[in-house]
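Chemist: For reference, the sequence and a predicted model appear below.
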Amino acid sequence: MKMSTPSEKPQIISHIHKSLNYTVFDSKWIPCSAKFVCMGNFARGTGVMQIYEVERGEVHLVKEIEKAKPIKCGTFGATSLQQRHIATGDFDGNLHIWNLEVPDVPVYSVKAHKEIVNCIDGVGGLGIGDGAPEIVTGSRDGTVKVWDPRQKDLPVANMEPVEGEARRDCWTVAFGHAFNDQDRCVCAGYDNGDIKLFDLRNMSLRWEKNIKNGVCCVEFDRKDISMNKLVATSLEGNFHVFDMRTQHPTKGFASVSEKAHKSTVWQVRHLPQNRDVFMTTGGAGNLHLWKYEYPAQRSRKDAEDVDMGVAGTLNLLQNITLSTQPIASLDWSPDKQGLCVCSAFDQAVRVLIVTKLNRV
C-alpha cells in the first residue's frame with residue numbers, strides 16, 4: 001500500500017451534519033437533483049423514508065413518508081432519469097417501487113422473500129447498462145432473486161441453495177457486466193465469506209470464492225462495461241479487489257487484499273466519474289478513500305501457458321473519522337464529482353465534499 005504526498009492528497013470535508021430521530025440503514029442521491037433520500041425505521045417499529053434537499057450549506061426536509069415495515073435498502077438503478085422511482089427492500093421481505101412524488105401507494109409491489117431483504121441493486125435504468133431494467137434482491141432466507149418490474153409476481157431468476165446445502169444469509173448483491181443487451185452478471189456475498197458470481201445470460205454459477213469472513217458489500221467498478229474489477233469488503237476489516245478481466249480455470253481471478261479498517265468494512269462505493277477511485281466505510285465510524293493502480297501487465301502465462309490475471313496495488317488517498325458508530329451507507333452524487341452522502345448508526349446523515357479528485 002502506498003500513501004499520497006500531502007500536497008496532492010484529496011481532502012474529505014464534512015459539509016453538513018443532520019441528526020435524525022430514527023435508525024437510518026441506507027441513503028441515496030436522487031439522480032439529477034440536489035436531493036437525497038434516507039431510509040430506515042422508527043423506534044416504534046415502522047419504516048420511514050425522508051427526502052432532503054441541499055441548499056446554501058444546509059439540508060431541508062422536503063417530505064417524510066412512514067410505512068408499515070422498516071426499510072433496509074434502496075436503489076434507483078432500474079429507473080429512468082425521467083421517472084426516478086426508488087426500489088426498496090423491507091424487513092418483511094417485500095420489494096416495493098415508489099414514485100417519490102406520490103409515495104402513498106407503491107407503483108410495483110411483490111413479496112420477494114420469506115425474510116428480510118438485506119440488499120438490493122438495479123441496472124438498466126438511468127442510462128447505465130444495456131438491456132432490461134432489472135432489480136436484484138438478497139435475503140436472510142438464502143436466496144438471490146432478479147426482478148423485471150414490467151413482469152408481476154415472479155422473479156426472472158432465482159439463485160437458491162441446492163437441496164441439502166445450508167442456507168446462508170445473503171448480505172450483499174451487485175449487478176455487473178451489462179455492456180450489451182444479452183450479457184449480465186450478479187455477484188452475491190454471504191455471511192460465511194462466500195462470494196458467488198452468477199451469469200444471468202447462461203443461468204449458471206460462473207465463479208465462487210470464500211474470503212473466510214462474512215461479505216458485507218460487493219461492487220463492480222462499473223456496471224456497464226465488460227467486467228473489470230470487483231471489490232468485496234468483509235466483517236474483519238479486510239477488503240479484496242479482484243481483477244475480473246482474466247479468469248484462470250483453476251485459480252480464478254487475481255486479487256489484492258488490504259486490512260484497512262480496524263473493524264467491519266460495511267460498504268464500498270466507486271466514484272462514478274473515475275472507476276479506479278473508491279471509498280470504504282468502517283465500523284469505527286471512519287472513511288477510507290482509495291485508488292487502484294494497475295500493474296504494467298494485467299495478465300501473464302502460467303507454467304501450462306494458460307492466461308492468468310495479475311493484481312495491481314492500492315493507494316490510500318485519504319481517511320477521516322466521522323462518528324463513533326458504524327457508517328452503514330454511502331452514496332456518491334452521480335452528477336457532481338466529489339459530493340457524497342453517508343449515514344451512520346449514530347442516527348445522523350452527513351453530506352461530504354471530497355476535493356482534488358481530478359488530480360488523482
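Modeler: Received the coordinates, thanks.
Chemist: Stretch 166-174: which residues count as buried?
Modeler: 168-174 (16 or more other C-beta atoms under 10 Å). Backbone N, C-alpha and C define where each C-beta goes, glycine included.
Chemist: Cross those against strands and list the overlap.
Modeler: Judged by DSSP state E, strands contain the following of those: 170-174.
Chemist: distance of the residue nearest in space to the middle of the chain from V265?
Modeler: Among the residues of the chain, E219 comes closest to the average C-alpha position under C-alpha atoms, centre = their mean, at 5.5 Å. E219 is 12 Å from V265, where distance means C-beta to C-beta, to the nearest Å.
Chemist: Repeat that for K259.
Modeler: 9 Å.
Chemist: G237 contacts E258, correct?
Modeler: No - G237 lies out of contact with E258 (C-beta atoms under 8 Å); the separation is 9.2 Å.
Chemist: any shared contact partners between these two?
Modeler: Counting by C-beta atoms under 8 Å, 6 or more residues apart in numbering, G237 and E258 have no shared contacts at all.
Chemist: one step back: quick one, which of K259 and V265 is more surrounded?
Modeler: V265 (29 against 12; other C-beta atoms under 10 Å).
Chemist: check contacts around the more buried one.
Modeler: V265 touches 216-217, 233-234, 237-239, 280-283, counting by C-beta under 8 Å, 6+ apart.
Chemist: count of neighbours near N315?
Modeler: Neighbours around N315, by other C-beta under 10 Å: 17.
Chemist: and if you look at the one 4 residues further on?
Modeler: By the other C-beta under 10 Å criterion, the neighbourhood of N319 contains 16 residues.
Chemist: By mean pLDDT, which helix or strand of the protein comes out lowest?
Modeler: Across the helices and strands of the chain, the lowest-confidence element by mean pLDDT, DSSP states H and E is strand 2-3, at a mean of 56.
Chemist: ok so, going back, can you work out which residues contact both of K259 and V265?
Modeler: 237-238.
Chemist: Okay, now the unreliable bits of the chain?
Modeler: Residues of the chain meeting the criterion pLDDT under 70: 1-7.
Chemist: and if we set it to 90?
Modeler: 1-8, 56-57, 80-82, 124-132, 150-153, 161-167, 181, 236, 260-262, 359-360 (pLDDT under 90).
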